[in-house]
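Participant: coords please:
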Amino acid sequence: MSDAPDPVVERNPNESVASFEHHSRGALARLQHFLHRFPTMVPVIVLVLSLIAFGLISPNFFSAFNLSLIMQQVAVVGTLAAAQSLVILTAGIDLSVGAVMVMISVIMGQLAVNFGIPVPIAILLGLGCGALTGGLNGLLVTRLKLPPFITTLGTWNIFLALNYYLSGRETIRSQTLDAEAPLLKLFGERFNLGGAVLTWGVVLMLLVFAVLWYALNKTAWGRRVYAVGDDPESAALAGIQTKRVLMSVYMIAGVICALAAWSSIGRVGSVSPTSFFESNLESITAVVIGGISLFGGRGSILGPLIGALIVGVFNSGLRLAGVDVLWQLFATGWLIIVAVAVDQWIRKISS
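Facilitator: Modelled structure (predicted):
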């Protein structure tokens, strides 16, 4: 038996570091591919962590009253975010959704109260006007080939001016609606569910998202919407009539804005030409935080619902913690920036 020492095997000290970096990169790539495949997981994780954090900070956060209040507060903006989501899925953006919503609420109120038109007919006419506003945006985008941002920025001003003209800058008060058009306040009516107090506006929001989820995931129209948003030229080469798809998206978005208008009357309790002034930006915030890509073609329609809830949870949690409204806006701003950064990160690695 030989007593010679075992040969010394020289190892590169960088091998362990390189192995760790390779493993780290592999885990990071797997995470990003997972998030690319399931983009809704990002807002879901944020929502769960937010609920846990604010639940630890404030003992009253998880009360049925507070949670149901959050749902009530996001019902109108959440419904509006559903309309915004459709447009952003096609790689567009609609800055006019808030102005459309307020204008349609004024139209419904004026027709029912000042013109004596039966309330159900006034509501149907309001829904029709919503489709027309969406059709106008769609025509400008598809026929004149104007950028959606510039188009809807222009129509936002037009609809806002019409809103002030039609309303005379006057509010139709709650007492008047109760006497002459109580149906307009339907979505503000409350009901109890397991200790929680919800409104029919919350039910409307959930129903809109459920219908859109089915349409986008289970129908040929939904597949075309995603295809147009992902690559309109390839979609056209595949035989998809991109202009028709875009027109349908803008018109459906207009109808959803009209539903949000009806819901907003119930939420406010009156028809005010100045209500929900920042709702267009709030709808974009919910969509971006919800994980729908601003570049189009990617994201789940359920994401904006979660995004709206995240904003509602943050506002409620910070308010219960005694944080000033200024810092609530500060936190929301960072949420938007982080959401866009995550979207860019996922797109870069997945490609």
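Participant: Can you tell me the closest non-neighbouring residue to residue 195?
Facilitator: The shortest distance from residue 195 to any non-neighbouring residue, by C-beta to C-beta, 6 or more residues apart in numbering, is to residue 64 (4.1 Å). No exception for glycine: its C-beta is placed from N, CA and C like everyone else's.
Participant: Quick check: that neighbour touching residue 198?
Facilitator: No. Judged on C-beta atoms under 8 Å, residue 64 makes no contact with residue 198 at a distance of 10.1 Å.
Participant: Between these two, which is the more surrounded one?
Facilitator: residue 198 (20 against 13; other C-beta atoms under 10 Å).
Participant: which residues does that one contact?
Facilitator: 68, 71, 72, 190, 191, 192 (C-beta atoms under 8 Å, 6 or more residues apart in numbering).
Participant: Which of the three states applies to residue 299?
Facilitator: coil (DSSP: H, G, I helix; E, B strand; the rest coil).
Participant: what about the nearest residue to it once chain neighbours are set aside, how many residues close to it?
Facilitator: Leaving aside its sequence neighbours, residue 299 sits nearest to residue 292 (C-beta to C-beta, 6+ apart; 3.2 Å). For residue 292, the neighbour count with other C-beta under 10 Å is 31.
Participant: Quick check on residue 292: phi, psi?
Facilitator: Listed backbone geometry of residue 292 is phi -80, psi 130, with angles given as degrees, to the nearest 10.
Participant: what's the spacing between residue 196 and residue 67?
Facilitator: 7 Å (C-beta to C-beta, to the nearest Å).
Participant: no wait, residue 224
Facilitator: Taken as C-beta to C-beta, the span from residue 224 to residue 67 is 37 Å.
Participant: Same check on residue 229?
Facilitator: 34 Å.
Participant: Tell me where the model's unsure across this structure.
Facilitator: Applying pLDDT under 70 to the chain flags residues 1-25, 36, 347, 349-351.
Participant: which residues in it form helices?
Facilitator: 14-37, 41-57, 64-89, 97-109, 119-142, 148-167, 174-180, 200-218, 220-230, 232-237, 242-268, 279-289, 302-320, 325-350 (DSSP state H).
Participant: In CSV: those helices, plus distance to residue 186.
Facilitator: Formatted as CSV, the helices of the chain follow (distance: least, C-beta to C-beta, whole Å):
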stretch, distance to residue 186
helix 14-37, 39
helix 41-57, 29
helix 64-89, 13
helix 97-109, 12
helix 119-142, 9
helix 148-167, 21
helix 174-180, 11
helix 200-218, 6
helix 220-230, 29
helix 232-237, 39
helix 242-268, 6
helix 279-289, 20
helix 302-320, 21
helix 325-350, 30
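Participant: Buried deepest among those helices, which one?
Facilitator: helix 97-109 (a mean of 29; mean count of other C-beta atoms under 10 Å).
Participant: C-alpha coordinates for stretch 94-107, CSV please?
Facilitator: Provided in CSV are the C-alpha atoms of stretch 94-107 (Å, rounded to 0.1, in the frame of the first residue of the first chain):
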residue,chain,number,x,y,z
ASP,A,94,-58.8,55.8,-24.0
LEU,A,95,-58.5,59.1,-22.1
SER,A,96,-62.1,59.9,-22.6
VAL,A,97,-63.8,57.2,-20.5
GLY,A,98,-64.3,59.4,-17.5
ALA,A,99,-65.8,62.2,-19.5
VAL,A,100,-68.0,59.7,-21.4
MET,A,101,-69.3,58.3,-18.1
VAL,A,102,-70.2,61.7,-16.6
MET,A,103,-71.8,62.9,-19.8
ILE,A,104,-73.9,59.8,-20.1
SER,A,105,-75.1,60.2,-16.5
VAL,A,106,-76.1,63.7,-17.3
ILE,A,107,-78.0,62.5,-20.4
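Participant: Might you calculate how far that stretch sits from the centre of the chain?
Facilitator: 16 Å (C-alpha atoms, centre = their mean, to the nearest Å).
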